[in-house]
Structure formats: C-alpha cells, structure tokens
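S.K.: sequence and computational prediction follow.
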Amino acid sequence: MSILQLAQKRHSPRAFNGTPLAWEDLANGFETARLSSSSYNNQPWRFVVALRGEAGFNALLATANPSNRTWMKDAGAIVGVMSSKILQKTGEKDHAAMLGVGMAVGAMELAFVESGLASMQAGGFDRKAFVELLQLPDHISPLSLLAVGRLPDGQGHTVKDRMAMEDIAFKVGDKIR
Ligand SMILES: Cc1cc2nc3c(=O)[nH]c(=O)nc-3n(C[C@H](O)[C@H](O)[C@H](O)COP(=O)(O)O)c2cc1C
C-alpha cells in the first residue's frame, strides 16, 4: 500500500476484538517511529508498552477516562505516549518536542495499518495518575494513550470527516483562517 492508501485506511476504531498482541506485532510500528525526524535529532518520543495480559495493561487502562475505557479494554496493547521536554545535549527546553512526538506517532500508526493492525489515540486520560504510576521525572510529559489491536469482524475503515484542502493550504497573501 502507498502512504496515501495507508492514511486512507487508518482510522480511530473505538472497538477492538480482544486479541492479545505480542511485541513482534508492534515492532514494525515502533521501528518506524524510532526512525522519525526531530528537531536537533533530539528524539523526544518516549513510549511505555503494555501487552494485553500483562499487569501493566490494566494499570494503564485504569488511567483512561471512563468513556475511553469502554473500547480500550479490548485492545491488544496499550502504549503510553510521552515526550521528553528537554534537549538531551544541553538540558534546554525542546520547543519542538510535541511536534516531534506527533510525527513519530503518526508514522507509527500508518505502520500499524501496514501490519494489519488498527490503533487509536486517546488524550482523555488522568495525567496525574499516569505520572504517579510510572514515577515520571519532571522533564517527561504524558501526551496520550495509544490503543493498538485487531478490529472486530466486518468492521473496516470509515468515511473521513475532514476540512477541504482550500481551508488548510494557503498561498502567501491569502487570509489564513
Ligand atoms: C492526540 C489525540 C487524542 C485523541 N483523544 C481521543 C479521546 O480521548 N477519545 C476519543 O474517543 N477519541 C480521541 N481521539 C480520536 C479523534 O477523535 C479522531 O482521530 C478524529 O475524530 C479523526 O478520526 P479518525 O482518526 O478516525 O480519522 C484522539 C485523537 C488524537 C490524535
């Protein structure tokens, strides 16, 4: 599949079929994220991985908002997505940290589609509980929970609700809205 075809197929399913996943199932996605570009090559992405059946799975699931828990509970793995807010070489603030993590996760999600998996991010979770669970140092910031899994039978991708191209891509001199 081309990148465009992977992007067309990727969607946030809000339903998984409960199949457990192994690290090997996720490896294509994680390796793709690892190779992502970042400002100063700072590689601000940090991930904590919990496979279905591991104690960490229920611990991460418990940090999700109740509405997100209803579908996340059937994922094959939950990935906690974090950013390192400082430049490793200097200790200064990495102003592009969230952008870098977003790029890595975006690439990871397309690679999951290529691997026959579906994934969905949730920003609705208890960040304080997440920080306490993982005993995160101050420079590591929680961003989302990423659920990965296999779709229930017959469930495919949905029609995309997106803005038109002219509402997102402009020429210099256009009124940007
Ligand atoms: C960073 C991020 C956080 C999100 N948080 C939630 C969430 O907490 N709950 C939810 O139901 N969907 C969440 N979503 C899913 C979005 O609603 C979804 O991506 C959007 O509607 C576009 O649909 P699509 O991913 O199927 O193309 C989140 C998506 C992203 C990228």
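M.R.: Alright, I've got the coordinates.
S.K.: now do the longest strand along the chain: distance to the chain's middle.
M.R.: What stands out as the longest strand in the chain, according to DSSP state E, is strand 140-149. Taking CA atoms, centre = their mean, to the nearest Å, one finds strand 140-149 lying 5 Å from the centre of the chain it belongs to.
S.K.: helices or strands next to that strand in the packing?
M.R.: helix 66-72, strand 77-84, helix 97-114, strand 118-122, helix 127-134 (3 or more CB pairs under 8 Å, 6 or more residues apart in numbering; DSSP states H and E). No exception for glycine: its C-beta is placed from N, CA and C like everyone else's.
S.K.: same thing but 10 Å
M.R.: helix 23-34, strand 45-51, helix 55-61, helix 66-72, strand 77-84, helix 97-114, strand 118-122, helix 127-134 (3 or more CB pairs under 10 Å, 6 or more residues apart in numbering; DSSP states H and E).
S.K.: which among those is found nearest to the ligand?
M.R.: If you check each of the helices and strands packed on strand 140-149 against the ligand by CB to the nearest ligand atom, strand 118-122 wins as the nearest, at 3.6 Å.
S.K.: next one: residue 162 from residue 89, what distance?
M.R.: 38 Å (CB to CB, to the nearest Å).
S.K.: hang on, the earlier thing: of the helices and strands packed on strand 140-149, which approaches residue 155 most closely?
M.R.: Closest to residue 155 of the helices and strands packed on strand 140-149 is strand 118-122 (CB to CB; 8.6 Å).
S.K.: now distance to the ligand too, for the helices and strands packed on strand 140-149, in a markdown table please.
M.R.: What follows is these, written out as a markdown table (distance: least, CB to the nearest ligand atom, whole Å):
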| stretch | distance to the ligand |
| --- | --- |
| helix 23-34 | 14 |
| strand 45-51 | 13 |
| helix 55-61 | 13 |
| helix 66-72 | 5 |
| strand 77-84 | 8 |
| helix 97-114 | 8 |
| strand 118-122 | 4 |
| helix 127-134 | 12 |
